[in-house]
Each structure stands twice: as C-alpha cells, then as structure tokens.
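Visitor: Sequence plus the predicted model coming up.
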Amino acid sequence: MAGSRISDPASADARFTRMSVVWDGITRDWSTVVFGNGPEANVRFLENVGIGDGQAQVFDNTYLTFWYNFGLIGLACLLALLVLLYRRLRSLPARLLLVGFAAQIFFFDVWLWLGAVAVLLLAVALGAADNPSLSARALPVPRRRQPGAQAAARPRQPAAGAAAGSGSAPAARPGSAGTSGPS
C-alpha cells in the first residue's frame, strides 16, 4: 500500500494543490503574510471551501499551516522553538529525533498525527534525561527527630543569677573539664 502511494501521482498532485491553496491564502495581502488568518483558519477554510481533490481535508504541512494561521510571526515562533530545543538538547539521540520531527511536520499536519507529537515528546524526554539542569531532582527527605534529641539540641540558657558580668563562674557542663570563662 505504501508503494502505491509513492508511485501514485494523485498523492503528489494533491500535495501541490494544497500548497498552492495555502500559498494563495497566505499571500492574500500584507496582513495575512505577517499576522496570518487567525487561529484555526485552516479548519474553517477546509470546512467551508475545501480542496476538491478527493483526499483528506488537511494542508499536510505544519509550517505552511502555522504561516496560514499565525503569519510570519507564528512561523518564526515555531522555528525559534525548534532551534532553541536543538541547542538545548545536547544528546545525539534527542537531536536526531528533533530533526526527524522537523522533517516529518513538513509532510504532515502535526496535530493530526499523534506519532509526530510522540516523536517530539520523546526527543525532549531523552534530552532532559541527559541534561542535569533539565532533569528532575530528588527532594530532600526531612529527618525525624527523637523527642529527647530535641531538648539536647537546644542550647542551654544561663541560670537567672548567672548573668554576664555578675562575677560568678558559669556552671560546669557535664563532660567538661570544669574550666570557667571563655576559651
């Protein structure tokens, strides 16, 4: 079946027809080039007008779909995201998957193909696993204190009559050599 799609000129003709329809929508005027036709404009176009080629009603190119919907601003954001991810993900498998994703969305509308989204998520997950700054860190586990250890951990307060400068020597602590005064 895949071989028949490759050798079938109807599929290639349909793709070129879609590109020309999208390009006409993008280049309608300067505002559609820069700002696009609005969110989900491709869906509205395909529902109301459609492409009469007997194929699925999609533009089959995520880059052109972004440009059609969001203009050059949206396309630049998509490309910037891909470049940023490529630079941030340092592992070779993550970068290869990201490049594969970038190539794949040239031929498909990404949101209609869960496989393309899965490839992107896998690339990010692999990159995060290899990058310590992106990886999850274990939370510190608080230590439980023994009830008696809490009292021993508190510093001892001087007795009321042993105020500083009163001339009396501080009480000797257990285990100390009985020295008085600051050391």
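Guide: That came in fine, so what should we check first?
Visitor: Where does the prediction get shaky in the chain?
Guide: Low-confidence segments of the chain, defined by pLDDT under 70, are located at 1-8, 10-11, 52-57, 131, 133-136, 147-183.
Visitor: which helix in the chain runs the most residues?
Guide: Counting residues, the longest helix found in the chain (DSSP state H) is helix 62-88.
Visitor: What helices and strands are in contact with it?
Guide: Helix 62-88 is packed against helix 9-26, helix 30-34, helix 41-48, helix 92-107, helix 114-130, with contacts defined by 3 or more Cβ pairs under 8 Å, 6 or more residues apart in numbering; DSSP states H and E. Just so you know, the C-beta spots here come from the backbone N, C-alpha and C atoms, and that holds for glycine as well.
Visitor: buried set for that helix?
Guide: Neighbour-count burial for helix 62-88, counted by 16 or more other Cβ atoms under 10 Å, picks out 62-71, 74-75, 78, 82, 85-86.
Visitor: Identify, from the residues you listed, the entry nearest to residue 104.
Guide: Comparing the buried residues of helix 62-88 against residue 104 with Cβ to Cβ places residue 62 closest, at 8.7 Å.
Visitor: so how far is residue 101 from that closest one?
Guide: Relative to residue 101, residue 62 is positioned 10 Å away (criterion: Cβ to Cβ, to the nearest Å).
Visitor: for residue 79, same thing?
Guide: Noted for residue 79: a distance of 13 Å to residue 101, by Cβ to Cβ.
Visitor: do residue 140 as well
Guide: 36 Å.
Visitor: Kindly report the same for residue 86.
Guide: Relative to residue 101, residue 86 is positioned 10 Å away (criterion: Cβ to Cβ).
Visitor: can you check residue 9 too?
Guide: To residue 101, residue 9 is 28 Å away according to Cβ to Cβ.
Visitor: Looking at these two now, which is surrounded by more residues?
Guide: Taking residue 9 and residue 101 together and counting by other Cβ atoms under 10 Å, residue 101 has the greater number of neighbours (23 against 7).
Visitor: check contacts around the more buried one.
Guide: Residue 101 sits next to 116, 119, 120, 123 when contact means Cβ atoms under 8 Å, 6 or more residues apart in numbering.
Visitor: now do residue 37
Guide: Residue 37 makes contact with 25, 28, 45, 68, 69, according to Cβ under 8 Å, 6+ apart.
Visitor: how about a cut-off of 7 Å?
Guide: Applying Cβ atoms under 7 Å, 6 or more residues apart in numbering, one finds that residue 37 lies in contact with 25, 68, 69.
Visitor: Same list, those, but as JSON lines with distance to residue 16 please.
Guide: Formatted as JSON lines, the contacts of residue 37 follow (distance: Cβ to Cβ, whole Å):
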{"residue": "25", "distance to residue 16": "15"}
{"residue": "68", "distance to residue 16": "16"}
{"residue": "69", "distance to residue 16": "21"}
